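In: Structure for this input, please:
(2 chains)
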Amino acid sequence: MKEMIDELKEKLSSKAFAKNLLFTEIKGYNCIEIPPIDLVEVCSCLKNDFGFNLLTDIAGIDRFTKDNRFELMYNLWSIEKKQRIFLRVKLNSNKPEAPTVSSVWQTADWEEREAYDMYGIIFSGHPDLRRIYMRDDFEYFPLRKDYPLMGLPGAVELPKK
Amino acid sequence: MEPSDYLINTEPKSELAKVEQEKILKALETDDIKAYFDDALENQLVLNMGPQHPATHGVMRLLVSLDGETVVKVVPDIGYLHRGYEKLAENMTFHEFIPHTDRLDYLSPPSNNVAYALAVEKLIGIEAPPRAQYIRTICCELSRLASHFVWMGSMAMDVGALTVFLWAFREREKILDILDILTGVRFTTSYTRIGGLALDITDEAINRITAYLGEFDANLIECRNLIERNRIFVNRCDGVGIISKEDAISIGLTGPNLRASGVQRDLRKDEPYLVYKELDFEIPVLTGGDCLARYYVRIREMTESKKIIAQCLDKLPGGPIDLHDTKQVLPRKENVYTKMEELINDFMLINFGNIPPAGTESYFAIESSKGELGFYIISSGTGYPFRLKIRSPSFVNIQALPIMMKGCLISDIVAIIGSVDPVMGEADK
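Out: Predicted structure coming up:
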């Protein structure tokens, strides 16, 4: 795990975005913190040059803080090297927006739709950004921390008796 | 409103469409009904399949665009079984969420329990004792067998081989009987506890499993003969729903579906958890990428599962099934009723939960019967998870349906859905 991150650091150091990256760890896995603007470039670099060809998951997170309230966690796997790496992207509180990576991995399509549905994170350039779990006319983002567990009265129109 | 008003705002895109539109306008004026139908075969038909359709294995809806009998485009629509488990998880302790994991992939509850328990244990930084690890491995593989038997029966039924359905369910029923003795519950087991298990394995359970493994091969061959020598089944699956290796990786397939496209990836080998490192088994990989390849991968996996269970029973060590960590692991019930210290610990754990340090994050994934089942948990230093993300394999596998179905016939749709083995409880969370 240590060698892998050293190799990554060395090879990425020549790129333009290298100074914006922050290398951290979460419980046995490496994690890179990336500003949203460099996301697509870093992702295609990791996929093409380092073999991280399987995007397993995108998790939206609502930190409920004043700055950088929203976060995205990308979970990448390399089939040849059998390694996992995480990418963390911190987003703006008022207008969370990230570039789509569906051009790099097709699977990002639905994963990003899920993050949009649950947290209202906009993915610019996404081919089909619709809600995936909730109904289309639902106005709220249910996994945000300010959405109550019991739901809001009138949020879903119920059939009349 | 005149009939022609409807068409005023639609801009014809090509010359052909313009001619077509003028023809329709003229026909509307003269009431010439034939004009609507003369080129019906050149039009595409949009067909709604589901959410209540016997072949969609739950409440999945497909919007299918058809040109004659050929599928042009498919748009899956999910969310009919969305229960908001990620939201619920943020409002309960780690222990309280265990019964909810049963309802994710409802065909193999024990392996969901194990995946969740392992994820929480990794977050807290504890590890269950060896005996518990072995019993958990047995549970995972038993549930893989049960899940694959349901898949085998229902997929064969989808393409018209009705007999094997009952035979496969008979086999699965035997596994549920074993789980009944092993865990105390047939179906929604909630078997694991954080740092251990709810019950120890009994001699009766071991005997039942051994007896079951003894007759397993003969029963599996019985089922296989019914399917593999059925010409209709083979013809309807061979070469249908092909997904290439590149597409399969790009769309994020995991589990048997990925291995049927020629990618060697199994977390049991790649990121060994539990006791898989000490066991001898193989990962079947096929390169066809069609429904038949997905069938054979699962069938071979079942034989490997049987080998794993037999080895686990051989190597099963003695010792406790719970970790001795009074701050994190629930005490045994009989001690709670009779001893003061255990009563206090039980009270604290039930009321305040396991409390990992603030800001801890962890991800843990297992190879479930459908693919990579992972839990990504963030703690904020309270007894509740701050965020719990479920990485469900079925959700991603369903996303691959449009690629597999493009250009196939309408009757192939059911065969493809069956071969992908989606479980909506898991896909919709």
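In: From chain B, how far off is the closest residue in space to A:Lys81 that isn't next to it in sequence?
Out: The shortest distance from A:Lys81 to any non-neighbouring residue, by C-beta to C-beta, 6 or more residues apart in numbering or on different chains, is to A:Gly51 (5.9 Å). (C-beta placed from N, C-alpha, C; glycine too.) Here A:Gly51 is placed at a distance of 11 Å from chain B (C-beta to the nearest C-beta, to the nearest Å).
In: Now that we're looking at A:Gly51, what pLDDT does it have?
Out: Here, the pLDDT recorded for A:Gly51 equals 85.
In: OK, contacts around it?
Out: A:Gly51 makes contact with A:Ser78, A:Ile79, A:Glu80, A:Lys81, according to C-beta atoms under 8 Å, 6 or more residues apart in numbering or on different chains.
In: Quick check: of these, which lies closest to chain B?
Out: Nearest to chain B among the contacts of A:Gly51, counting by C-beta to the nearest C-beta, is A:Ile79 at 5.4 Å.
In: so where's chain A shaky on pLDDT?
Out: Within chain A, the segments meeting pLDDT under 70 span A:1.
In: thinking again about what came up before, which of the contacts of A:Gly51 fall in helices?
Out: Of the contacts of A:Gly51, none are assigned to helices by DSSP state H.
In: Can you say which of those residues are buried?
Out: Buried members of the contacts of A:Gly51, counted by 16 or more other C-beta atoms under 10 Å in any protein chain shown: A:Ser78, A:Ile79.
In: Need the phi and psi values for the spatially most central residue of chain B.
Out: The residue lying closest to the centre of chain B (C-alpha atoms, centre = their mean) is B:Lys370, at 4.0 Å. Phi and psi for B:Lys370, reported as degrees, to the nearest 10, are phi -100, psi -20.
In: show me the contacts for the closest residue to chain B within chain A.
Out: Chain B sits closest to A:Thr107 of chain A, with a gap of 3.1 Å, by C-beta to the nearest C-beta. Counting by C-beta under 8 Å, 6+ apart, A:Thr107 makes contact with A:Leu55, B:Ser250, B:Ile251, B:Gly252, B:Val396, B:Gln399.
In: From A:Phe138, how far out is the residue lying closest to it once chain neighbours are set aside?
Out: Spatial nearest neighbour of A:Thr107, chain neighbours left out: B:Gly252 (3.1 Å); criterion: C-beta to C-beta, 6+ apart. Using C-beta to C-beta, to the nearest Å, B:Gly252 is found at 26 Å from A:Phe138.
In: higher neighbour count, those two?
Out: B:Gly252 (28 against 14; other C-beta atoms under 10 Å in any protein chain shown).
In: Now the more buried one: phi and psi?
Out: Main-chain dihedrals, B:Gly252, degrees, to the nearest 10: phi 90, psi 20.
In: Tell me which residues touch B:Met152, please.
Out: By C-beta under 8 Å, 6+ apart, the neighbours of B:Met152 are B:Val164, B:Ala168, B:Cys223, B:Ile227, B:Arg298, B:Ile299.
In: re earlier: please look at the residue nearest to the centre of chain B and B:Leu104 and confirm they touch.
Out: No - look at B:Lys370 against B:Leu104 with C-beta atoms under 8 Å: they stay out of range, at 10.1 Å.
In: Tell me, how many residues neighbour B:Val185?
Out: Neighbourhood size, B:Val185 [other C-beta under 10 Å]: 16.
In: which SS class is it?
Out: coil (DSSP: H, G, I helix; E, B strand; the rest coil).
In: surely B:Thr137 meets B:Tyr276?
Out: Yes - here B:Thr137 reaches B:Tyr276: they are 7.0 Å apart, a contact under C-beta under 8 Å.
In: for chain B, what are the nearby residues on chain A?
Out: By C-beta under 8 Å from any C-beta of the partner chain, the residues of chain A that approach chain B are A:26-29, A:53-57, A:59, A:61-62, A:73, A:75, A:79, A:82, A:84, A:86, A:105-107, A:109-111, A:114, A:118, A:131-135, A:142-143, A:147, A:149.
In: Buried subset of the residues you listed as a PyMOL selection?
Out: A single PyMOL command selects the buried members of those (16+ other C-beta under 10 Å):
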select buried, chain A and resi 26+29+53+54+55+56+57+59+61+62+73+75+79+84+86+105+106+107+109+110+111+114+118+131+132+133+134+142+143+147
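In: Give me the subset of the residues of chain A next to chain B lying in strands.
Out: Members of the residues of chain A next to chain B lying in strands (criterion: DSSP state E): A:26, A:29, A:54-57, A:59, A:61-62, A:73, A:75, A:84, A:86.
In: Mind putting these into TSV with distance to A:Glu3?
Out: Below are these laid out as TSV (distance: C-beta to C-beta, whole Å):
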residue	distance to A:Glu3
A:Ile26	18
A:Tyr29	14
A:Leu54	21
A:Leu55	23
A:Thr56	22
A:Asp57	25
A:Ala59	27
A:Ile61	29
A:Asp62	35
A:Met73	23
A:Asn75	21
A:Arg84	15
A:Phe86	17
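In: Contact partners for the residue of chain B at minimum distance from chain A?
Out: Scanning chain B for proximity to chain A using C-beta to the nearest C-beta identifies B:Gly252 as nearest, at 3.1 Å. Going by C-beta under 8 Å, 6+ apart, B:Gly252 touches A:Leu54, A:Leu55, A:Thr56, A:Trp105, A:Gln106, A:Thr107, A:Glu111, B:Val396, B:Gln399, B:Ala400.
In: Which ones among the residues you listed lie within helices?
Out: If you go by DSSP H, the contacts of B:Gly252 have A:Glu111, B:Val396, B:Gln399 in helices.
In: Which pLDDT value belongs to the residue nearest to the second one when sequence neighbours are not counted?
Out: Yep, that's B:Val396 we're talking about. Sequence neighbours aside, B:Gly252 is the residue nearest to B:Val396 in space, at 4.6 Å (criterion: C-beta to C-beta, 6+ apart). B:Gly252 is assigned 89 on the pLDDT scale.
In: Past the helix or strand of chain B with the lowest mean pLDDT, which element shows up next along the chain?
Out: Averaged element by element with mean pLDDT, DSSP states H and E, chain B has its least confident helix or strand at helix B:34-37 (a mean of 56). Beyond helix B:34-37 in the direction of the C-terminus, DSSP states H and E gives the next helix or strand as strand B:45-49.
In: And the closest residue to B:Met49 other than its chain neighbours, which helix or strand is it part of?
Out: Closest residue to B:Met49 apart from its sequence neighbours, by C-beta to C-beta, 6+ apart: B:Leu62 at 4.3 Å. Applying DSSP H and E as the criterion places B:Leu62 in strand B:61-67.
In: That strand pairs with which strands?
Out: With DSSP bridges as the test, strand B:61-67 is paired with strand B:45-49 (antiparallel), strand B:70-77 (antiparallel).
In: where do the helices sit along chain A?
Out: Along chain A, counting by DSSP H, helices occupy A:2-12, A:39-50, A:108-119.
In: Deepest in the core, which of these is it.
Out: Of these, the one with the most neighbours on average (mean count of other C-beta atoms under 10 Å in any protein chain shown) is helix A:108-119, at a mean of 23.
In: now, the most widely separated pair of the contacts of B:Met152?
Out: Within the contacts of B:Met152, B:Val164 and B:Arg298 form the most distant pair, 13.8 Å apart (C-beta to C-beta).
In: Of the two, give the one with the bigger neighbour count.
Out: More neighbours surround B:Arg298 than the other of B:Val164 and B:Arg298, with 25 against 22 (other C-beta under 10 Å).
In: what's the model's confidence in the lengthiest helix in chain B, averaged?
Out: In chain B, with assignment by DSSP H, the single longest helix is helix B:130-158. Confidence over helix B:130-158 (mean pLDDT, whole number) is 92.
In: where does chain B have low pLDDT?
Out: Using pLDDT under 70, chain B drops low at B:1-13, B:31-42.
In: which residues are there in it that come within reach of chain A?
Out: Neighbours of chain A within chain B, by C-beta under 8 Å from any C-beta: B:78-79, B:82, B:84, B:86-88, B:91, B:122-123, B:247, B:249-252, B:254, B:263-265, B:270-271, B:360-363, B:365, B:372, B:374, B:376, B:378, B:387, B:389, B:391, B:395-396, B:399, B:428-429.
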